[in-house]
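Enquirer: just need the structure, nothing else, for what follows:
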Amino acid sequence: MALSQPEPGGSPERREGYPFVKRALAPERTRAERRFQRRYIRLAVSIRTDDGKKLALGESTDISIGGMRINTPSELAIGDVGTAQITMPSGETVRAAIDIVWADHGADGSSTYGVNFRDLGSSERFALLEAIYSPAGGVFDEDAEAIGSVGQATEPVTVAHHAYYMRLMRRVEKVHHLRADVTDRLLYARLHQGRPLRDALLDFKVVDPSELTSFLSAIYKVPFVDLSRQRPDPVAADAIPVGVATSQMIVPMKRTSTKLIVAMADPEDLPTLDLLQLKKKHDTEIVFALIEDIEKAINSIYHSTTLQSVDRLLEAMPDSVQTEAYTGAQEVEDLETLRRLSDTTPIVTLVDSMLRSAVDDRASDVHVEPFGERVVVRFRLDGVLREMRTLPTQVYPAVTSRIKIMARMDITVRHVPQDGRASMRYNRKDFDLRVSSLPTVFGEKIVIRLLEKNPTFKRLKAVGFSDKNYELLAPLIRMPYGMLLACGPTGSGKSTTLFACLQEINDGETNITTIEDPVEYRVAGVNQVEVSVKRGLTFASVLRSLLRQDPDVIYVGEIRDRETAELGVRAALTGHLLLSTLHTNSAIQAIARLADIGVDPALVASSLLGIVGQRLVRRNCPRCSEEYEVPIEEALVLQEMVPVAPPRKLVRGRGCEYCHETGFYGRMAVHEVVVIDEALRRLIAKGADSGQLLEYVSAQGFTELRDDAIGRMLAGETTLREVMRVTV
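Expert: Residues are numbered from 1 along each chain as shown. Prediction:
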């Protein structure tokens, strides 16, 4: 199999390796190539030159499989050749042939040297990789350009995963003859960034998509199964006890009268194979699956963590519970009866299954809706509601009560809207649940918003701005004062973009305070205040007090009224950088909206730095995207959108289990950015309307939001229908 393997990433000056500032170098030697990533960890090092004349003792300050930097009081010289002995955190020692390729002598008599490894053997290299990618300690030298984009982190990384992937990648390298830098790159993506291995293999072009299954099957010479597509049969669960499945990382896939198919994370685990042979009542066929897929499958078939396993729970529910719940659906007011119904094991497991399925499917909201003869469970996936299954009306009152008890709501009150909050932990992540109930003619409708408590916010570069829009916006967030607004409808990602801006300037030296309703995400190093009207904490009252707290940067969740807008404008004029959101359809309309609220146009003109308009479009599924010939009806629309050389082919997802047959997986932002220059300030101060303002910025090369979306469509990232849906 021919593999296309990338060179180590990064800009040329960084790709060369150590160091990042100029130092004395050996003229006839190249600097050490760091392979992929350096990690700042301290390891004891001793170096002896080949001529035996010099012995240097010190410690490394960072290391990669290409080389390291060491600090030592001993004297070495550029061009020295010798052997280094490095003591790993485990106590193991690694010996490597080295060159000294640069030197930096400090005023205090200590010296720092750049060391290049020569001809590392496989064992020594993997010992270094064990330390570099160890879950415990150390900081990576981040280089976004070198890393490359392989999507968002979605897979867990634990000590067990680290050990597993170190073994797996050693075998992958041996079977497929990967270069050392490719192995390093894949380990970084999986163990440091938490990226799925399958996605990393495809995004780094290690293997073609059509050959991915064959590539993975060849590792252990048994068939590979993607358990996210080919789900295990719950009926086969009885073939292997849950304790054995969990401890040995195996899961039964399918059982027939003569054969049992078992998925293993390590098909060469001889003790587990012997155990299966001892327990077998059927012929056993082994297939290979990745460890995180095995874990999810075990949860699915043994612990009923998926919504699709609900039928088994309902069948196990006693008839008396269903009948009592149904009979009392309209009139039950007794608190203890409702509690008893909601605390039955099947109901508790049913609600847990629903919430865990929502997390697994990346849902932002769960809707539980009664409609006469049936109860519908719908998830909002990538901004669009999708029906997942129905529940019997007999159990709905108990399900509703269970959710309300979790959210500390009054279960005896069903004719008045209520709000509540709860928490859950799943897959080593903590989630806040915002629960809302609404009385309808068929009963209470429940909506649950799922929010990860400690999400990893993207940096501004990774939010999805085009190069042009990024160059316009990036300087604005470094301004010492002024107002920056993000505009768009509810759910368009405005807050995510502004939090990415905060991440850029959250350097530990800046006093950042946010005013939110409610605080949805906790961010380290940022002071966050939650609005509460009952306690007299409004956006305006908090903002007024906040100005006495010596803030540098202020984030206001939303400008809703004149008082908040005027205080925000005045804060921006008095030495503070203020970021906020505004609900308008376009960036230009935000200026008119502030005037409509009642803010003096002259103050708006003086305070405003820029405005970002934003929408979210669904991204084509990476696993089932394909080109297609543009049909005539789409060609006519394209002719208007792209009058010059409209494309004959576009890209769309055909639909697969990975994307729930929608053809889309995840969302991305499209933007328009307006930077306020002096001429535009004069127009705003004069009270120019939106039409005049748009005419001016268009003459300056303004890229509208739809144009940005069209560019994403032409790049194959989304579809024409999605562009039309979001930007019309």
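Enquirer: where does the stretch 1-150 of the chain dip in pLDDT?
Expert: 1-37, 136-150 (pLDDT under 70).
Enquirer: tell me which stretches of it form helices.
Expert: 12-15, 122-132, 144-147 (DSSP state H, counting those that start in this stretch).
Enquirer: which residues are contacting the second one?
Expert: Under the contact criterion C-beta atoms under 8 Å, 6 or more residues apart in numbering, helix 122-132 has outside partners 37, 39, 41, 43, 63-65, 86, 88-90, 92, 94-96, 120, 138, 166, 170, 173-174, 180, 183-184, 187. All C-beta spots, glycine's among them, are computed from the backbone N, C-alpha and C.
Enquirer: which among those count as buried?
Expert: Buried members of these, scored by 16 or more other C-beta atoms under 10 Å, are 37, 39, 41, 43, 63-65, 86, 88, 94, 96, 120, 138, 166, 170, 173, 180, 183-184, 187.
Enquirer: what sits against Asp246?
Expert: You called it Asp, but residue 246 is Thr. Thr246 neighbours (C-beta under 8 Å, 6+ apart): 298, 302.
Enquirer: and what about it, helix, strand or coil?
Expert: helix (DSSP: H, G, I helix; E, B strand; the rest coil).
Enquirer: repeat for Val435
Expert: Val435 - assigned by three-state DSSP - is strand.
Enquirer: which residues does it contact?
Expert: 403-404, 406-407, 409, 419-422, 446-449.
Enquirer: kindly report the same for Val617.
Expert: Val617 neighbours (C-beta under 8 Å, 6+ apart): 667-670, 709, 712, 718, 722-723, 726.
Enquirer: that one bridge partners, please.
Expert: Judged by DSSP bridges, the bridge partners of Val617 are Met668.
Enquirer: ok, the one 10 residues further on next?
Expert: Beta-bridge pairing of Glu627 under DSSP bridges involves Val651.
Enquirer: by neighbours, which of the contacts of Val435 wins?
Expert: When neighbours are counted by other C-beta atoms under 10 Å, Ile403 leads those with 26 neighbours.
Enquirer: so that residue touches Val377, yeah?
Expert: No. Counting by C-beta atoms under 8 Å, Val377 is not a contact partner of Ile403; they are 11.7 Å apart.
Enquirer: overlap in contacts, those two.
Expert: Common contact partners of Ile403 and Val377 (C-beta under 8 Å, 6+ apart): Val368.
Enquirer: give the other helices and strands that the longest helix belonging to the chain contacts.
Expert: Criterion DSSP state H: the longest helix present in the chain is helix 159-176. On a contact count with 3 or more C-beta pairs under 8 Å, 6 or more residues apart in numbering; DSSP states H and E, helix 159-176 meets helix 122-132, helix 180-187, helix 212-220, helix 291-302.
Enquirer: from Ser64, how far off is Thr83?
Expert: 18 Å (C-beta to C-beta, to the nearest Å).
Enquirer: just the CA atoms of stretch 184-200, as PDB, please.
Expert: The C-alpha coordinates for stretch 184-200 follow below in PDB (Å, rounded to 0.1, in the frame of the first residue of the first chain):
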ATOM      1  CA  ASP A 184       5.300  11.600  16.200                       C
ATOM      2  CA  ARG A 185       2.700  13.700  14.500                       C
ATOM      3  CA  LEU A 186       0.000  11.000  15.000                       C
ATOM      4  CA  LEU A 187       0.800  10.600  18.700                       C
ATOM      5  CA  TYR A 188       0.600  14.400  19.200                       C
ATOM      6  CA  ALA A 189      -2.800  14.500  17.500                       C
ATOM      7  CA  ARG A 190      -4.200  11.600  19.500                       C
ATOM      8  CA  LEU A 191      -2.500  11.900  23.000                       C
ATOM      9  CA  HIS A 192      -2.100  15.600  23.400                       C
ATOM     10  CA  GLN A 193      -4.900  17.000  21.300                       C
ATOM     11  CA  GLY A 194      -7.400  14.200  21.900                       C
ATOM     12  CA  ARG A 195      -8.100  13.800  18.200                       C
ATOM     13  CA  PRO A 196      -9.500  10.500  16.900                       C
ATOM     14  CA  LEU A 197      -6.800   8.400  15.300                       C
ATOM     15  CA  ARG A 198      -8.900   7.700  12.200                       C
ATOM     16  CA  ASP A 199      -9.400  11.400  11.500                       C
ATOM     17  CA  ALA A 200      -5.700  12.100  12.100                       C
END
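Enquirer: how about the helices in the stretch 301-450 of the chain?
Expert: Going by DSSP H, counting those that start in this stretch, the stretch 301-450 of the chain shows helices at 310-316, 319-327, 335-342, 345-360, 396-406.
Enquirer: which stretch in these has the least confidence?
Expert: Mean pLDDT per stretch puts helix 319-327 lowest among the helices of the stretch 301-450 of the chain, at a mean of 46.
Enquirer: per-residue pLDDT of the closest residue to Ala160 other than its chain neighbours, please?
Expert: Of all residues not flanking Ala160 in the chain, Ile291 sits nearest, at 7.4 Å (C-beta to C-beta, 6 or more residues apart in numbering). With respect to pLDDT, Ile291 has a value of 92.
Enquirer: can you name the residues that contact Ile291?
Expert: 160-161, 164, 249, 265.
Enquirer: which of those residues are buried?
Expert: 161, 164, 249, 265.
Enquirer: of the contacts of Ile291, which one scores lowest on pLDDT?
Expert: Within the contacts of Ile291, Ala160 has the lowest pLDDT, namely 84.
Enquirer: and Ile86, what does it touch?
Expert: Contacts of Ile86 (C-beta under 8 Å, 6+ apart): 43-45, 60, 63, 68, 93-96, 128.
Enquirer: for Val244, see how far away the closest residue to Val235 other than its chain neighbours is.
Expert: What sits nearest to Val235 in space, not counting adjacent residues and going by C-beta to C-beta, 6+ apart, is Arg255, at 6.9 Å. Note on Arg255: its distance to Val244, by C-beta to C-beta, is 15 Å.
Enquirer: settle it for me: which of those two has more neighbours?
Expert: Between Arg255 and Val244, counted using other C-beta under 10 Å, the more crowded position is Arg255 (19 against 13).
Enquirer: which ones are touching the more buried one?
Expert: Residues in contact with Arg255 (C-beta under 8 Å, 6+ apart) are 233, 235-236, 239, 261, 282.
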